[in-house]
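**Q** let's see this in three dimensions:
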Amino acid sequence: MITRLLVQTVLWLAGMAVLMFVAAGTWAWPAGWCYLVEMGALGLWIGLRLAREDPGLLEERLKPPVQRDQSSWDKLFMAVVALVWCAWLVLMALDARRWQSSFVPLWLHVAGAVAMFLCVWMTGHVFRANSFAAPVVKVQTGRGHQVCDRGPYAWVRHPMYAAAILFFVGSPLLLGSWWGLACVPVLVAGIGWRAVMEERTLAEQLPGYADYATRVRYRLIPGIW
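**A** Next up, the predicted model:
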């Protein structure tokens, strides 16, 4: 399983590198290299930790983004996410490097890197609390899927989506793209829509989830939504 983690990580980074540096029009883009190095390091850090602490969850997270028992609406959502993700990377590369139309001060580049780290650090707490935090929306009956209401799930119903907001903000800051940052509200709206649809699916298929949603009021940010 660790071999598969390493292979998928390398392929994922290689795909991002092609998109980013072809769009940038040059290999001389320090922020782009920093971004890829941090993404790779954080991905391996959290993956190797899962291999040690929760190999069942790692197995789930290494599966394809479209699966047979996945909700049909989520299959479409994941396909759209792949397209939007690629377009976002290309836009940020064009803006920050080829066109050089954004100037982001160094301290904000650093803040972006810190935000990305905090996202993965928070995600690690999510994984410790919830062994069923698969990347696709489905009820994992074969693994004895149960409702999680401990750890960060005692505060919000979708703590991993909340952590993703830090990633959405941190990525364009580290890469140096104001246009990329301008896309963040659209990305947040997308995960907000998925959170609502995911809750409907789990309330119908996972015993106890409807009661949990009643007890924990907020989806992403306590006191706001």
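**Q** list the contacts of the residue nearest to residue 19 when sequence neighbours are not counted.
**A** For residue 19, ignoring the flanking residues on the chain, the nearest one in space by Cβ to Cβ, 6 or more residues apart in numbering is residue 89 at 4.8 Å. The C-beta positions use only the backbone N, C-alpha and C, and glycine is treated the same way. By Cβ atoms under 8 Å, 6 or more residues apart in numbering, the contact list for residue 89 reads 16, 19, 20, 23.
**Q** tell me which element the residue nearest to the spatial centre of the chain is part of?
**A** Geometric centre of the chain, nearest residue: residue 164, 5.2 Å, by Cα atoms, centre = their mean. Using DSSP states H and E, residue 164 sits in helix 159-175.
**Q** list the buried residues in that helix.
**A** Residues 159-175 are the ones in helix 159-175 that count as buried (16 or more other Cβ atoms under 10 Å).
**Q** chain center to it: distance?
**A** Here helix 159-175 is found 8 Å from its chain centre; the criterion is Cα atoms, centre = their mean, to the nearest Å.
**Q** that one - contacts with which helices or strands?
**A** helix 30-53, helix 72-93, helix 106-129, helix 178-182, helix 184-205 (3 or more Cβ pairs under 8 Å, 6 or more residues apart in numbering; DSSP states H and E).
**Q** give me the mean pLDDT for stretch 6-23.
**A** For stretch 6-23, the mean pLDDT works out to 96.
**Q** who are the neighbours in contact with the residue nearest to the centre of the chain?
**A** Neighbours of residue 164 in contact, by Cβ under 8 Å, 6+ apart: 119, 191.
**Q** can you tell me how far it is from residue 55?
**A** Note on residue 164: its distance to residue 55, by Cβ to Cβ, to the nearest Å, is 24 Å.
**Q** ok, residue 172 next?
**A** 34 Å.
**Q** residue 58: how many residues sit nearby?
**A** Other residues near residue 58 come to 21 when the count uses other Cβ atoms under 10 Å.
**Q** quick check: residue 45 touching residue 123?
**A** No: using Cβ atoms under 8 Å, residue 45 is not in contact with residue 123, being 10.6 Å away.
**Q** got the phi and psi for residue 133?
**A** When read as degrees, to the nearest 10, the backbone of residue 133 gives phi -80, psi 70.
**Q** how about the contacts made by it?
**A** 57, 61, 126, 127, 160.
**Q** tell me the one of the residues you listed nearest residue 204?
**A** residue 160 (20.9 Å; Cβ to Cβ).
**Q** quick one: secondary structure of the nearest residue to residue 224 once chain neighbours are set aside?
**A** The shortest distance from residue 224 to any non-neighbouring residue, by Cβ to Cβ, 6+ apart, is to residue 218 (7.0 Å). With DSSP: H, G, I helix; E, B strand; the rest coil as the basis, residue 218 sits in coil.
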